[in-house]
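In: Generate coordinates for the sequence data below:
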Amino acid sequence: MKNKFKNIVYYLLEFLMVICMFATTILLIMKLTILNSNYLIVKLEENNYYSDLYNIIETDLEDYLLPSGFDKSILTDLFTEDMLKEEVNSIVKSLYYGEKINIGYDSVADNLKKNIDDYLALNNLKVSDEESFQKFVDEVLKIYIQRIKLTDYLDKCSELILKICKIVDILLISFLAIIIFVTILIKFVIKMRISVISLITTSLLLLIANYFLFEKINIMDILFWNESVSAVIQSIFFDLSNYFKITAIVFLGVGISFLIFIILVRRKAKKINIFD
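Out: Modelled structure (predicted):
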C-alpha cells in the first residue's frame, strides 16, 4: 500500500514537471522573441520595413498632393529613410519600456514649408488663404505620423506589453521554482529517479502546440495594416514555429539519448550480475 501511494505521488509529480517544463519553454521563447524589443528591431531590418515604409509614405503623400495643384517638388527631401528608422526604433523601445511615444515631425514640417515657399517664389505665387494652407501642411504631417504609428492605440499597447512582460517574468520564476521543488521531492523525499519520459512528453506537447498554433493557421492569407507590416508579422510567426520545433527536437533527442543510455547501463549491469 505504501509503495502504491508512493508511485501515485511520483506520477503526479512527473505530470506537474511536464506541465511546468512545457510552460517554461513557451515563456522563454516569448521572452526571446515577441517580448524582446531588440528582436523586433532585427525583424524590421531583415524585412526591409524602413525602406517599405519610406515608399508607402511617399506614395500616400503624392496621392494627397494631386488635387492640391502643387508640384511634386514640394515633397523633395522632407525626410529620409534613416529618419524613419530612428523614429520607428524609438517607438519600439518606448513600447517595451513604457515611455511616452513621441514622433518628431518638426524637421518634416520645416522642410515642407521651405519647399512650398521655394515653389511659390519660383512661380511668382502667393498664399491667398492661410487657413487652407495650414490645413494642407497639417494633413501632410498627419499622413506622415499615421503611417509611422500604424494605430492611435500605441500607448495602450505599451501598457499591455508591460503588463504581459511582468506576468511572464512572474510565471517564469514560479514555474522554475516548482521544477526545482519537484526535482528535490522526487530525488530526496520519495527517493526515485527523475524520468526522461517527462522530457520526451514535453517535446511532444511542443510539437502539438506548434501544429495548432502555427501549422493550422495560414498566416499568408492575413493582411495586417499593409504588406510590409504583414511581412514582419509573418516572419515572426515562422520564427516562433521554428523555435517550437527546434526545442521539441532537442528535448526529444536528449530524452531518447538518456533513455538509450539507461537501457544500455541496465543491460550491462545484468550481464555482470550473471557472470558474478
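In: which sections of the stretch 1-150 of the chain are below the confidence cut-off?
Out: Regions of the stretch 1-150 of the chain meeting the criterion pLDDT under 70 cover residues 1-2.
In: make that the stretch 151-276 of the chain, sorry
Out: Across the stretch 151-276 of the chain, the ranges flagged by pLDDT under 70 are 269-276.
In: Kindly recompute the last result at 50.
Out: 274-276 (pLDDT under 50).
In: Could you pull out the helices in it for me?
Out: Using DSSP state H, counting those that start in this stretch, the helices of the stretch 151-276 of the chain run over 154-184, 197-210, 227-275.
In: who does the second one touch, helix- and strand-wise?
Out: So the one you mean is helix 197-210. In terms of contacts (3 or more Cβ pairs under 8 Å, 6 or more residues apart in numbering; DSSP states H and E), helix 197-210 is packed against helix 2-32, helix 227-275. Every C-beta, even on glycine, is put in place using the N, C-alpha and C of the backbone.
In: which other helices and strands contact the helix or strand following the shortest one?
Out: Counting by DSSP states H and E, the element after helix 2-32 in chain order, helix or strand, is helix 37-46. Packing partners of helix 37-46 (3+ Cβ pairs under 8 Å, 6+ apart): helix 81-97, helix 227-275.
In: Most tightly packed of those?
Out: Highest mean neighbour count among the helices and strands packed on helix 37-46 (mean count of other Cβ atoms under 10 Å): helix 81-97, with a mean of 16.
In: May I see the buried residues of the next helix-or-strand element following it?
Out: Moving toward the C-terminus from helix 81-97, the next helix or strand (DSSP H and E) is helix 106-122. Neighbour counts over helix 106-122 (16 or more other Cβ atoms under 10 Å) mark 108, 111-112, 115-116 as buried.
In: domains of the chain?
Out: For the chain, automatic domain parsing gives the domain ranges 2-36+191-275, 41-150.
In: can you put the ones you listed in JSON lines and add distance to Leu176?
Out: Putting the domains of the chain into JSON lines (distance: least, Cβ to Cβ, whole Å) gives the following:
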{"stretch": "domain 2-36+191-275", "distance to Leu176": "6"}
{"stretch": "domain 41-150", "distance to Leu176": "23"}
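In: and of these, who's closest to Lys156?
Out: domain 41-150 (10.5 Å; Cβ to Cβ).
In: end-to-end on the closest one?
Out: Terminal residues of domain 41-150 lie 16 Å apart, using Cα to Cα, to the nearest Å.
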